[in-house]
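**Q** output the structure for:
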Amino acid sequence: MPQNELRFNDLLEAARHSAVHLETRDVYGVGDEAADFNEWQLSGNRDADPNSLYWTPWVDLLSRATARGVTVRRARIVSEPVTDYIRYEHAGTPVNIYAGEQVRWLPRRNTVDLMLPGCDLWIFDGAQVLFNHFTGNGDWSDPPLELRIEPGIVKQCTDAFEAVWERAIPHDQYEIH
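**A** Numbers count the residues shown, from 1 in each chain. Just a heads-up that it's a prediction; the model follows:
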């Protein structure tokens, strides 16, 4: 398992009440997901089986967190019309929900008056921000992750996430454009 996955898993395993994820990119190309995305592009079929080899590690990790009472929320900011990658993510989101996540989508045009972080991020228990760093084509950069605990940074990121969350559309109501 890559070091960045170990660090993320440790933070999620240690979370006690909340873990929120802000995604702001229209394309990702990281790890085994790239192969799954390529397969989806060829076949049009997305693995949406929470018990599949692809999804089981994520479902297990999230299920452990939610069983401890951790609320897990994911907000995705997307350009419209959406990219093929976002269509792929949307097709797999029922598994995120099955695992216990709440997922919302916010069209990018509805963010113009929000001050948003420049990187995707996770916030754990309102006390730690794990920034995700990517290259232009969506691969992990070096270093891939940056953990920050300064109260000012945590507050800015939390406020940004909550502003996005309030405007975003629940997954079951969001129609791909």
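
**Q** hey, where'd the strands end up in this protein?
**A** 18-23, 71-78, 101-107, 120-124, 128-134, 140-148, 169-170 (DSSP state E).

**Q** which other helices and strands does the last one contact?
**A** Strand 169-170 makes packing contacts with strand 101-107 when contacts are defined by 3 or more CB pairs under 8 Å, 6 or more residues apart in numbering; DSSP states H and E. Every C-beta, even on glycine, is put in place using the N, C-alpha and C of the backbone.

**Q** circling back to that earlier point, as a markdown table, the strands of the chain with mean pLDDT, distance to residue 7 and mean neighbour count would be great.
**A** Formatted as a markdown table, the strands of the chain follow (pLDDT from 0 to 100; distance: least, CB to CB, whole Å; neighbours: other CB atoms under 10 Å):
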| stretch | mean pLDDT | distance to residue 7 | mean neighbour count |
| --- | --- | --- | --- |
| strand 18-23 | 98 | 14 | 22 |
| strand 71-78 | 98 | 17 | 21 |
| strand 101-107 | 98 | 20 | 20 |
| strand 120-124 | 98 | 11 | 22 |
| strand 128-134 | 96 | 8 | 20 |
| strand 140-148 | 93 | 6 | 14 |
| strand 169-170 | 98 | 30 | 13 |
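
**Q** can you tell me the number of residues neighbouring residue 160?
**A** Per other CB atoms under 10 Å, the neighbour tally for residue 160 reads 19.

**Q** same thing with residue 46?
**A** Residue 46 has 20 neighbouring residues, counting by other CB under 10 Å.

**Q** how about residue 37?
**A** 21.

**Q** quick one: average confidence on the lengthiest helix in the chain?
**A** Taking DSSP state H as the criterion, the chain has its longest helix at helix 151-167. Averaged over helix 151-167, pLDDT sits at 98.

**Q** list the buried residues for stretch 85-96?
**A** Buried residues in stretch 85-96, defined by neighbour count with 16 or more other CB atoms under 10 Å: 85, 86, 88, 89, 90, 91, 92, 93, 95, 96.

**Q** report pLDDT for the first one.
**A** In this case it means residue 85. Residue 85 carries a pLDDT value of 93.

**Q** grab the nearest non-local neighbour of it.
**A** Distances taken as CB to CB, 6 or more residues apart in numbering place residue 27 nearest to residue 85, at 4.6 Å, with adjacent residues excluded.

**Q** same deal with the fourth one?
**A** Computed as CB to CB, 6+ apart, the closest residue to residue 89 that is not its neighbour in sequence is residue 76, at 7.0 Å.

**Q** does that neighbour touch residue 23 like I think?
**A** Yes: Residue 76 lies in contact with residue 23 (CB atoms under 8 Å); the separation is 4.5 Å.

**Q** contacts only, for residue 50.
**A** Residue 50 makes contact with 56, 59, 95, 98, 99, according to CB atoms under 8 Å, 6 or more residues apart in numbering.
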